[in-house]
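> Here you go, sequence then predicted model.
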Amino acid sequence: MDQPNLIPLPFTQVTITDAFWAPRQVANRDHGLWAVYDQLQATGRIAAYNLDWQPGSKKPKPHVFWDSDVAKWLEGACYSLLSHPDAALQEKVEYVVDRILSAQQPDGSINPYFTVVAPQDRWTNLRDRHELYCAGHLIEAAIAHHQATGDPRFLNGIRRYADLIDRKFGPGEDQIHGYPGHEELELALVKLYRHTGEKRYLEKAVYFIEERGREPHYFDLEAQARGEKPPDKCPDAYEYWQAHCPVREQTEVVGHAVRAMYMYSAVADVAAETQDPSLMEPLRMLWDDLTSKKMYLTGGIGSSEGNEGFTDPYDLPNKTAYAETCAAIGLIFWLQRMLQLDLRGEVADVMERALYNGMLSGISLRGDRFFYENPLASDGDHYRQPFFKCSCCPPNLNRLLPTIGSYIYSQGPQEIVTHLYIQSEATFNLEKGEVTLVQETDYPWDGVVCLRFEMNAPRQFTLKLRHPGWCQEARLYLNGEEVPIQLHLDHSYITLDRLWASGDQLRLQLVIRVTRVYAHPRVQENLGRVALMRGPLVYCLEGVDHPVPLSAIRLPRDTGFDCHFEPDLLDGVITIQATAKAVDFTDEDQPLYQRTPPRTQPVKMKAIPYYAWDNRAPGEMMVWIPEDC
Ligand code: FUB
Ligand code: ZN
């Protein structure tokens with residue numbers, strides 16, 4: 001580690017005032033959180049804490065990971081309350097907390113499935129049964145509740161559960177030498193350590209990370225103890241759980257995508273806390289593998305439904321893309337942590353890409369319908385739903401959206417780093433005093449960003465502004481004087497170390513153009529196709545905007561583009577328009593095979609931002625457009 005760690009500026013110190021993210025936070029607050037709450041009630045997830053299910057009962061049977069859905073909703077509701085008090089939501093939060101605490105067992109555990117459905121199976125199948133995963137989400141929820149309310153009762157209750165896990169797991173003879181089948185608890189324990197100052201929580205996170213993938217494989221041992229045969233083809237079979245080898249030996253992203261992202265996030269957390277560079281090395285290799293071979297243009301990851309995760313390099317099909325919303329969220333979690341340890345613009349570029357595309361497509365503009373899978377092409381049979389049987393994604397969106405503010409900036413003792421351009425007002429407590437930064441911009445539609453400092457006395461600090469990788473042409477002015485960007489670039493961050501004074505102004509002009517993007521030729525489906533990007537946004541075509549089937553459209557390579565801001569379309573978006581060609585499908589008399597290529601005619605093509613698709617009439621969608629050379 002060649003620099004002191006940065007920390008993200010918490011969203012509680014950032015007020016977003018823009019026309020892009022602020023409305024999404026309002027939609028989450030007014031619709032999303034309520035819609036998910038109703039579903040948690042309707043499906044029995046909250047009633048499960050009554051512990052009144054019995055074999056043969058008509059009540060819904062608690063599922064192994066229902067707690068995680070409730071906990072993520074609770075966490076999101078608490079974050080929302082932190083920036084926007086709301087008595088009605090607060091009442092629901094307290095009600096849910098009461099229900100959860102009422103289900104706590106004398107030993108501290110909270111888990112309706114293991115209390116009423118299968119008490120005899122507790123801790124016997126860490127690989128598949130999710131109790132440690134659920135515990136992690138409960139810990140995160142309890143910390144958020146404590147932050148939002150100052151009331152320690154939920155946190156204290158959950159700490160009893162964390163303490164039980166702490167006693168139960170570890171290297172001791174009377175302890176279980178296992179680790180979670182679905183990672184999550186590890187990052188939650190680091191959070192709990194940071195929140196309480198109790199070092200043993202961090203040590204337990206370290207234990208789980210170090211133990212993972214060691215031989216003999218714990219998952220083999222527990223399978224044998226259950227009287228089952230361990231999976232064939234070990235250790236590769238354990239790639240699904242990222243348990244095929246110790247974390248330090250992992251160089252390729254494998255297995256279940258959400259699990260992988262949560263694990264890498266925890267490894268980055270532990271690396272930050274322990275300053276152990278040997279944990280950063282694998283993370284850098286995993287980043288390279290992911291971003292050079294296994295990530296969709298949208299920042300969606302995990303292309304296969306079979307393992308909800310990764311397959312071979314360049315296996316990135318469009319229509320069948322799994323690209324789970326939670327996986328994009330996990331990627332955002334991980335990359336935010338990487339940025340604190342190793343500030344590189346390309347990492348922030350991908351984090352931004354996932355935020356604006358792969359994650360945001362997961363939720364409707366109104367905030368109450370969700371995608372689980374985020375394909376890059378559709379025949380018109382893929383729609384957002386109010387909820388799912390396996391409903392991890394909706395409450396994950398509920399908890400990410402209120403915290404967008406904490407992805408914009410980092411701070412060091414004497415350093416302010418701007419990763420994202422989002423209109424906002426932020427307060428930093430630097431070593432030498434408080435600094436307010438007011439950011440004004442119409443990003444992502446426009447690339448002009450004005451930054452103004454306010455402080456009660458001049459202060460010396462370093463300001464770093466990300467030079468986005470998508471931008472080929474940028475200019476920067478400090479108090480009206482141009483700053484030669486190239487002389488100040490450090491890993492794609494424009495770095496200015498000076499004595500700043502109140503009223504100092506910066507104007508960053510990022511030229512945003514429509515860009516044609518081509519995939520690596522080994523991504524078979526995209527050969528001969530092009531995608532359109534404008535700034536951080538990936539664009540797509542929707543059937544509803546076109547008079548011909550999308551499969552008929554060919555985009556000539558030399559066609560120019562017009563961009564129009566359409567205030568009444570999809571809550572206000574810039575569309576990309578062009579004259580393309582449409583293959584004539586209508587001539588039924590054409591022979592099946594002929595020597596001349598099919599006739600084409602001009603067609604007006606209109607692309608919209610990918611995140612906004614499926615918010616109008618259901619229909620086809622396509623990101624990668626056949627190109628006509
Ligand atoms: O297993 C819990 C969650 O459900 C995972 O993170 C998702 O991929 C879904 O399988
Ligand atoms: Zn999910």
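Received the coordinates, thanks. Ligands and ions are numbered 1, 2, ... in the order given.

> Contacts only, for residue 301.
Applying Cβ atoms under 8 Å, 6 or more residues apart in numbering to residue 301 gives the contacts 253, 257, 261, 290, 294-295, 310, 323, 327-328, 331, 358. Heads up, the C-betas are built off the backbone N, CA and C, glycines and all.

> Compare these and tell me which is most surrounded.
Neighbour counts for the contacts of residue 301 were taken using other Cβ atoms under 10 Å; the highest belongs to residue 328, which has 34 neighbours.

> From the centroid of this protein, which residue is nearest?
Among the residues of the chain, residue 329 comes closest to the average C-alpha position under Cα atoms, centre = their mean, at 1.4 Å.

> now that residue, what's its secondary structure?
Remark: residue 329 carries the secondary structure label helix [criterion: DSSP: H, G, I helix; E, B strand; the rest coil].

> pLDDT value on it, please?
Residue 329 carries a pLDDT score of 99 in this model.

> Ok, residue 1 next?
pLDDT, residue 1: 49.

> Take the contacts of residue 301 and lay them out in TSV including distance to ligand 2 and secondary structure.
TSV is the format used below for these (distance: Cβ to the ion, whole Å; DSSP: H, G, I helix; E, B strand; the rest coil):
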residue	distance to ligand 2	secondary structure
253	17	coil
257	10	helix
261	11	helix
290	18	helix
294	18	coil
295	17	strand
310	16	coil
323	11	coil
327	7	helix
328	9	helix
331	12	helix
358	12	helix
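
> if we can go back for a sec, so who does the residue nearest to the centre of the chain touch?
Counting by Cβ under 8 Å, 6+ apart, residue 329 touches 261, 359, 362, 396-397, 400.

> repeat for residue 127
With Cβ under 8 Å, 6+ apart as the criterion, the residues that contact residue 127 are 181, 219, 222-223, 241.

> mind checking how far it is from residue 50?
Using Cβ to Cβ, to the nearest Å, residue 127 is found at 29 Å from residue 50.

> mind checking which helix or strand the residue of the chain found nearest ligand 1 is in?
Using Cβ to the nearest ligand atom, the point where the chain gets nearest to ligand 1 is residue 258, with a distance of 3.6 Å. Using DSSP states H and E, residue 258 falls within helix 257-274.

> Now that helix - C-alpha only, PDB.
Coordinates of the C-alpha atoms in helix 257-274 are reproduced here as PDB (Å, rounded to 0.1, in the frame of the first residue of the first chain):
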ATOM      1  CA  ALA A 257     -21.400 -13.500  -9.100                       C
ATOM      2  CA  VAL A 258     -23.000 -12.000  -6.000                       C
ATOM      3  CA  ARG A 259     -21.000 -14.200  -3.700                       C
ATOM      4  CA  ALA A 260     -17.800 -13.300  -5.500                       C
ATOM      5  CA  MET A 261     -18.500  -9.500  -5.200                       C
ATOM      6  CA  TYR A 262     -19.400  -9.700  -1.600                       C
ATOM      7  CA  MET A 263     -16.200 -11.700  -0.900                       C
ATOM      8  CA  TYR A 264     -14.000  -9.300  -2.800                       C
ATOM      9  CA  SER A 265     -15.600  -6.400  -1.000                       C
ATOM     10  CA  ALA A 266     -14.800  -8.000   2.400                       C
ATOM     11  CA  VAL A 267     -11.200  -8.800   1.300                       C
ATOM     12  CA  ALA A 268     -10.800  -5.100   0.300                       C
ATOM     13  CA  ASP A 269     -12.200  -4.100   3.700                       C
ATOM     14  CA  VAL A 270      -9.800  -6.400   5.500                       C
ATOM     15  CA  ALA A 271      -6.900  -5.200   3.400                       C
ATOM     16  CA  ALA A 272      -7.800  -1.600   4.400                       C
ATOM     17  CA  GLU A 273      -7.900  -2.500   8.100                       C
ATOM     18  CA  THR A 274      -4.900  -4.700   8.200                       C
END
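
> So for it, what gets flagged as buried?
257-273 (16 or more other Cβ atoms under 10 Å).

> residues in the stretch 251-400 of the chain within reach of ligand 1, list them.
With the criterion set to Cβ under 6 Å from any ligand atom, the stretch 251-400 of the chain comes near ligand 1 through 258, 308, 324, 326, 390, 392.

> The second one and residue 323 touch, don't they?
It stands for residue 308. No: between residue 308 and residue 323 no contact is recorded; they are 10.2 Å apart, counting by Cβ atoms under 8 Å.

> Show me whatever sits in contact with both of the two.
Shared contacts of residue 308 and residue 323 (Cβ under 8 Å, 6+ apart): residue 302.

> Which pLDDT value goes with residue 4?
As predicted, residue 4 sits at a pLDDT of 61.

> which stretches of the stretch 401-550 of the chain form helices?
Using DSSP state H, counting those that start in this stretch, no helices are assigned anywhere in the stretch 401-550 of the chain.

> any weak-confidence spans in it?
Applying pLDDT under 70 to the stretch 401-550 of the chain picks out no residues at all.

> Give me the number of neighbouring residues for the nearest residue to residue 392 once chain neighbours are set aside.
For residue 392, the nearest residue in space outside its immediate sequence neighbours is residue 326; the separation is 5.1 Å by Cβ to Cβ, 6 or more residues apart in numbering. Using other Cβ under 10 Å, residue 326 is surrounded by 25 other residues.

> State the distance from residue 326 to residue 23.
Taking Cβ to Cβ as the measure, residue 326 and residue 23 are separated by 23 Å.

> who's in contact with stretch 475-483?
465, 485, 494, 496, 504-509.

> now for the helix holding residue 258, which elements pack on it?
For helix 257-274, the packing partners by 3 or more Cβ pairs under 8 Å, 6 or more residues apart in numbering; DSSP states H and E come out as helix 185-196, helix 199-211, helix 277-293, helix 325-341.

> coming back round to it: what separates the residue nearest to the centre of the chain from residue 72, distance-wise?
10 Å.

> residues from the stretch 401-550 of the chain in reach of ligand 2?
Taking Cβ under 5 Å from the ion as the test, the list of the stretch 401-550 of the chain residues beside ligand 2 is empty.

> how about the strands of the stretch 401-550 of the chain, start to end?
Counting by DSSP state E, counting those that start in this stretch, the stretch 401-550 of the chain forms strands over residues 409-412, 415-418, 424-430, 433-441, 448-454, 459-466, 474-478, 481-483, 489-490, 493-500, 505-510, 514-517, 529-534, 537-542, given from the N-terminal end onward.
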